[in-house]
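Peer 1: Take this sequence and fold it.
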Amino acid sequence: MSDPKDKVKENVTGAYYVDSSCIDCDVCRDTAPDNFMRADANSYSFVYKQPENEEELALCDEAISCCPVEAIGKDGNS
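Peer 2: Sure, this is the predicted structure:
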């Protein structure tokens, strides 16, 4: 389960975030490429843009459900 106290530093402020348990599997970036990006230097994903419409919200929620290590959360600072 994702931990809002263990967010990676690159996340933008908002409800969605990635924590340090990310294994750099590409699932979130493939599912919601408008919202997730890879931190090349650290080999993990992060939220670079919070969802702005219903489609992006649905894709970010799908990324949460598909994440194999549950590194994506939706309970961060709104």
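Peer 1: Could you give the number of residues near F46?
Peer 2: When counting by other C-beta atoms under 10 Å, one arrives at 24 neighbours for F46. From N, CA and C alone the C-beta is placed, and that goes for glycine too.
Peer 1: And what about D30, helix, strand or coil?
Peer 2: helix (DSSP: H, G, I helix; E, B strand; the rest coil).
Peer 1: and it, what does it touch?
Peer 2: D30 makes no contacts at all, as judged by C-beta atoms under 8 Å, 6 or more residues apart in numbering.
Peer 1: could you redo the last one with a cut-off of 10 Å?
Peer 2: Shown in contact with D30 (C-beta atoms under 10 Å, 6 or more residues apart in numbering): F36, A63, C66.
Peer 1: Please identify which of the residues you listed is nearest to V27.
Peer 2: Top of the list for closeness to V27, among the contacts of D30 and by C-beta to C-beta, is C66 at 5.1 Å.
Peer 1: Hmm, F36 and that closest one touching each other?
Peer 2: No - with contact taken as C-beta atoms under 10 Å, C66 and F36 are classed as non-touching, separated by 11.5 Å.
Peer 1: Please enumerate the shared neighbours of those two.
Peer 2: V27, C28, D30, I72.
Peer 1: is it true that T13 touches K49?
Peer 2: No - the pair T13 and K49 does not pass the contact test of C-beta under 10 Å, sitting 11.2 Å apart.
Peer 1: Alright, calling it a day.
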